[in-house]
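Visitor: Pasting the sequence and the predicted coordinates here, then a few questions.
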Amino acid sequence: MTFVANLSRPLKGLAVGLAVLSTLTMAAAGPARADGDYPSQPIRLVVPFGPGGSTDLAARVLAKELPPIIGADIAVINVPGAGGAVGTKQVIDSAADGYTLLMAAIGSNVLRPALNPDLPYHYDDVTYLGRTQINPNVLIVRNGTYADFAEFQQALETRQGKLRYGTAGVGQVTHLGPILLYQALDIPTEAATPVHYDSDPAAMLALMQGEVDFVQANLPSVASAIQGDQVKALAVTTPERIDALPDVPTYTELGLPDVSIVGWRGVAGPKDLPQDVVDSWNRALAELTRSDAWLEATRQLGDDPAYLNGADFTEFAKQDFERYRAIGDSLGLTH
Amino acid sequence: MRKVHTSELWLPLCLLAGCLLLWFWLIPQHIAVFGGGAGPGPRFFPQILTLMLAGLAALRLVQVLWLSLAPDPEVTTGSRWRRELAVVVTLLLVYPAVYWLGVLPTCGLLIAWLMWRFRMPGLWRIGGVTVITIALFYLLFVVVASVSLPTGALFDLLP
Amino acid sequence: METILHLPVAVASYLLDIAHGLWAGAHLFMSWNNLLAVFGGVTIGCFFGALPGLSITLAVALVMPFSYGMEPLTGLTLLSAVYVGAIYGGSISAILFNTPGTPAAACTTVDGYALTQKGMAGKALQMANVSSMVGDLTSTCLVILLFPLLAKVTIYFKSPEYFALICFAITIVGSVAGRSIVLGIIAGIMGFLLSTIGMDPVEGSGRFDFGSIELLSGVGFVPLLIGLFAIPEFVRQYRRSRMATGPITLADGGATVANDRLTKREFFESLPHMLRGGVIGLALGVIPGLGATPAAFVSYEQAKRRSKKAHLFGKGSLEGIAASESGNNGVNGATLAPLLTLGIPGDVVTAIMLGALLVFNLQPGPMFFALHADLVYGLFVALLVCDIALRLVGLVFIRIGRYVTRVPTGYVFPMIFVLCVLGAYASNNHLFDIATMLIFGVVGVIFARVGLPVVPFVIAFILGPMLEKGLRRSLAASGGDISVLFSSPISLIFYALTLIAIVSIVRSRWQAVRRDRSSESTPSSTVKDALDE
């Protein structure tokens, strides 16, 4: 405090002037109030995960292809932390003017709130603007252990409690997927022990090492290992077969349509977005998801384009949330 | 009669108090356990570490009391330490400043104020360097690295 | 007879294949774009690494959008070059300002800043540069020779082995504990405890989060590092300048840079440490999830145990700088092995490279080397060129660094402080990180008061979560059977090394105590020792 008292008068004047000056420059760049002609300035798209991850890449593809359609630049901002909760909360708390939006993902928007009731936000604290893509999961085992799904299913039923599976963390798609499988097969959830790793590829490495017996991971992380004959794919979670793995049956074909767990990404914003923002995003995302450039880039990332408009996306997120909340309750994960 | 350096007693005593706090309040109350899965749970490492810390703090206490350990000569003490503490505690004010004024205005004020406190002569020089530096940082962070530096909450209150 | 002849023939053809590949790679690499990517990348990396507060992540995130739009080789080259530059650049601020520019340089601060205080900043900077280059070169050459085998090493490293390795790495706490080993270990345990704040690394439940989402995401490492190192140093410089009547420089405080050329003798004395550092970096780099920081620690620990001047370690040893800098730079090339052959990123930089591969429509995995041999060899050539760039760009940065010591602190430190504020924010785009940084500034000053060393605290903060993951995953996979920890020869080797390290630390402590007692009659002997070389 004594330091401030010691400030000489001219310096104080300079300081105040400087503050005013920089505030003005910030004002020019700061958020303007939305008025009719949205968007009138760049849009911040918050990615609640670190750079280089699949949600980040999806956001960057979007930020590259969308500007000509929506009419404004899109800046991708990574706010990682607490499994996506920090970035999501940041968007929920921001001004609902359509200039701060969220790259929504299953983990941060549905799984975290479903399995952690203490989290300071709920799955419906955001406005869902549109789902853009899903990513299929695939059940893999070490080469030479199980020839097909029937053999694997038999092992799961007879060797209860002996099998271990790798996940990318508690409450991730990779953790809940196998649980859905036991429920569909009507065997107790203790049938296999989960071992939690940091990411899908890390879980796959553990499978190759023999530390775990199977993994149900997202496709892009394991596609090369399947093609290189290092691991064997037994089933995929999408309703239809995947182009990259034409010989691998879907769970639906195997008579287990309930194991249809997929990761998904889309765009969301704070609650109570102005109607013109919602409309222009609905239009823009519908157009984007039909454009060849976006379709190609998204397929390269290993995702399946799967557009849903705002209303359908909200309903979809609700169903997903309820499904995983029920699993969480049955596991005692939600304490 | 051994001479006990009372100033050295503070650390082990504080650590022991911290261990008690951890053991009886923080670990049981503030670590959720889902259960499931074999092996040690989330409380295992905090508990082990608390026990080790308590043991070492007790060892340190013994060292100070019985070996009459002299303070490390390299340790900053006395009025010098109090002044340093005063400076870092004053620097904590940067956070409210960043929150209310925004990042860049705070940084501008900080540079000007600090240069002056570092006994740089000439107000024009301080002002000039401040403006140039802030312009450079703006260029580096906002324009090149496209980091969006937050504006202050004070600014949001304006109509 | 024939079988005996087969081996040399096989080796020769293997080497010929590599030479062939390198030639093709060099062909692919030799374009102005790629050269520009190397030099530009290393410069940007050095710049971000050298400025305290600007993290590697920020540097890589900065070039990421550009690299995604480039040719695959150019894009990957740029990302690698930024990484190589940043890992080296971290040592510059470690040496000059007692502030590691990157976590991996935390080990370098110990000896580097001690040398600066003795007026040998120039020597320290030169040593850091040369050893970074030699370490990186050693490991890159080995990566080129052993690339197909490296992925197999990764396969053998399961959770129990990982745990054993971290056990060994964590013994470095004893080596950098400072005057009192008890206080050093206390600081280490405190760092470990601090790292448990946030989401449990295995079960994902909250620990000590008090319902706050900020605490749930854990204590940010970049703000912690800046707060603990940069702010106390800033305060010291602030006090110094307040005591003077006018502007002063770092050089006024004894940080003179006369006699700062690295002699041939010093170089050759440290060369074994550099080569070993490169090999250690390689070995740890192929294990995903470790990163450059443990490599620096392990290399430092090994060098200290083998050096003839072990007592100088921690008080300003050039060998110490050589060991830690070659160790952390040795990781650079090695992380490519798990990335390209398994698609497993070891850290944030390789995670971004993985993203780049997907954007370029290159699927990393077991087939990658077979399908894209040209690209892999091109990347190897790029890494080799990076080493040359590292030396050249490094010389410029050393010049700037030496110049900075003669600039009034009134310019340097206010800017560093503001950069720290900006950098803490930019690391995660989160205001809470600025608060974290400032709070750890207070913690750093309190640590200096009570005699707790900062480096063990930071080391335990980094290694603690790895240790925890290793142990808990091993036991989860074995169903709680502890014997799994001791079942493989690799883990047993690391436990043995851990024991040896502990014994040697205890012994050297004992010797130091005896030396202190005998040197009380001639107190100047250690100072003379230090200035001797």
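Guide: Done, it's in. A quick note: this is a predicted structure, and the numbers were derived from the prediction, not measured.

Visitor: In contact with residue 64, which residues?
Guide: This is for chain A. Contact analysis of A:Lys64 by CB atoms under 8 Å, 6 or more residues apart in numbering or on different chains lists A:Ala297. Yep, even glycine has a C-beta here, placed from its N, CA and C like the rest.

Visitor: think we crossed wires, I meant chain C
Guide: Neighbouring residues of C:Met64 by CB under 8 Å, 6+ apart: A:51-52, C:79, C:352, C:355-356.

Visitor: Taking the centroid of chain B, which residue is nearest it?
Guide: B:Val88 (8.3 Å; CA atoms, centre = their mean).

Visitor: That one and C:Ile231 touch, don't they?
Guide: Yes - at 6.3 Å, B:Val88 counts as touching C:Ile231 under the criterion of CB atoms under 8 Å.

Visitor: Is stretch B:12-26 in proximity to chain C?
Guide: Yes - using CB under 8 Å from any CB of the partner chain, stretch B:12-26 comes into contact with chain C via B:15, B:22, B:26.

Visitor: count of residues packed around the first one?
Guide: One way to gauge burial is a neighbour count; for B:Leu15, by other CB atoms under 10 Å in any protein chain shown, it gives 22.

Visitor: gap between the one helix or strand it maps to and the chain center?
Guide: Assigned by DSSP states H and E, B:Leu15 belongs to helix B:10-21. Between the centre of helix B:10-21 and the centre of its host chain there is 19 Å, according to CA atoms, centre = their mean, to the nearest Å.

Visitor: Which strands or helices does that helix pack on?
Guide: Secondary-structure packing of helix B:10-21 (3 or more CB pairs under 8 Å, 6 or more residues apart in numbering or on different chains; DSSP states H and E): helix B:44-66.

Visitor: Would you mind putting the CA coordinates of the helix it packs on into CSV?
Guide: Written as CSV, here are the backbone C-alpha positions of helix B:44-66 (Å, rounded to 0.1, in the frame of the first residue of the first chain):
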residue,chain,number,x,y,z
PHE,B,44,-3.9,-44.5,-0.3
PHE,B,45,-1.2,-42.1,-1.4
PRO,B,46,-2.4,-39.1,0.6
GLN,B,47,-2.5,-41.3,3.7
ILE,B,48,1.0,-42.7,3.2
LEU,B,49,2.4,-39.3,2.4
THR,B,50,0.8,-37.8,5.5
LEU,B,51,2.3,-40.5,7.6
MET,B,52,5.8,-39.9,6.1
LEU,B,53,5.5,-36.2,6.4
ALA,B,54,4.5,-36.6,10.1
GLY,B,55,7.5,-38.9,10.7
LEU,B,56,9.9,-36.5,9.0
ALA,B,57,8.5,-33.5,10.8
ALA,B,58,9.0,-35.3,14.1
LEU,B,59,12.5,-36.2,13.0
ARG,B,60,13.2,-32.5,12.2
LEU,B,61,11.8,-31.6,15.6
VAL,B,62,14.3,-34.0,17.2
GLN,B,63,17.1,-32.5,15.2
VAL,B,64,16.2,-29.0,16.3
LEU,B,65,15.7,-29.8,19.9
TRP,B,66,18.5,-32.3,20.6
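
Visitor: C-terminal to it, what's the next element?
Guide: Downstream of helix B:44-66, the next assigned helix or strand under DSSP H and E is helix B:78-91.

Visitor: Regarding A:Ile187, what are the backbone dihedral angles?
Guide: Phi and psi for A:Ile187, reported as degrees, to the nearest 10, are phi -120, psi 160.

Visitor: and if you look at the one 5 residues further on?
Guide: Taking degrees, to the nearest 10, you get phi -140, psi 150 for the backbone angles of A:Ala192.

Visitor: which residues does it form a beta bridge with?
Guide: Taking DSSP bridges as the rule, A:Ala192 bridges to A:Leu163.

Visitor: That one: neighbour count?
Guide: A:Ala192 has 23 neighbours, counted by other CB under 10 Å.

Visitor: my guess is it contacts A:Asp213, does it?
Guide: Yes - shown here, A:Ala192 and A:Asp213 form a contact pair, counting by CB under 8 Å, at 7.4 Å.

Visitor: Spatially nearest residue to the residue in the stretch 401-533 of chain C positioned nearest to chain B (excluding sequence neighbours)?
Guide: Closest contact between the stretch 401-533 of chain C and chain B, by CB to the nearest CB, is at C:Leu475 (2.8 Å). Nearest non-adjacent residue to C:Leu475, counting by CB to CB, 6 or more residues apart in numbering or on different chains: B:Gly39, 2.8 Å away.

Visitor: In chain B, which residue sits closest to chain A?
Guide: Closest contact between chain B and chain A, by CB to the nearest CB, is at B:Pro105 (4.2 Å).

Visitor: Let me see the ranges of the helices in chain A.
Guide: Remark: helices assigned in chain A by DSSP state H are A:2-6, A:9-29, A:54-65, A:67-70, A:85-92, A:106, A:112-115, A:149-158, A:173-185, A:200-209, A:219-227, A:275-288, A:292-300, A:310-331.

Visitor: Those helices: which one's closest to C:Val484?
Guide: For C:Val484, the closest of the helices of chain A is helix A:200-209, at 12.7 Å, according to CB to CB.

Visitor: Just the C-alpha atoms of that closest one, please, in PDB.
Guide: Taking C-alpha atoms only, helix A:200-209 is exported to PDB below (Å, rounded to 0.1, in the frame of the first residue of the first chain):
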ATOM      1  CA  ASP A 200      -7.500 -44.700 -25.900                       C
ATOM      2  CA  PRO A 201      -4.100 -45.400 -27.400                       C
ATOM      3  CA  ALA A 202      -2.600 -46.000 -24.000                       C
ATOM      4  CA  ALA A 203      -5.400 -48.600 -23.300                       C
ATOM      5  CA  MET A 204      -4.600 -50.200 -26.600                       C
ATOM      6  CA  LEU A 205      -0.900 -50.400 -25.700                       C
ATOM      7  CA  ALA A 206      -1.800 -52.100 -22.500                       C
ATOM      8  CA  LEU A 207      -3.800 -54.600 -24.500                       C
ATOM      9  CA  MET A 208      -0.800 -55.300 -26.800                       C
ATOM     10  CA  GLN A 209       1.300 -55.700 -23.700                       C
END
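
Visitor: how close does C:Gly198 sit to C:Gly204?
Guide: Distance of C:Gly198 to C:Gly204, computed by CB to CB, to the nearest Å: 10 Å.

Visitor: er, A:Ala297 actually
Guide: Distance, A:Ala297 to C:Gly204, using CB to CB: 31 Å.

Visitor: which residues of chain B score low on pLDDT?
Guide: Counting by pLDDT under 70, the ranges of chain B that qualify are B:1-4, B:34-38, B:68-74, B:76-77, B:159.

Visitor: in it, what residue is nearest chain C?
Guide: Here the residue of chain B nearest chain C is B:Gly39; by CB to the nearest CB that distance is 2.8 Å.

Visitor: hang on, that residue packs against C:Asp481?
Guide: No - contact criterion CB under 8 Å: B:Gly39 and C:Asp481 do not qualify, at 9.1 Å.

Visitor: Between the two, which is the more surrounded one?
Guide: Remark: of B:Gly39 and C:Asp481, B:Gly39 carries more neighbours, 21 against 13, as counted by other CB under 10 Å.

Visitor: Double-check that the more buried one belongs to a strand.
Guide: No - looking at B:Gly39 with DSSP: H, G, I helix; E, B strand; the rest coil, it is coil, so not inside a strand.
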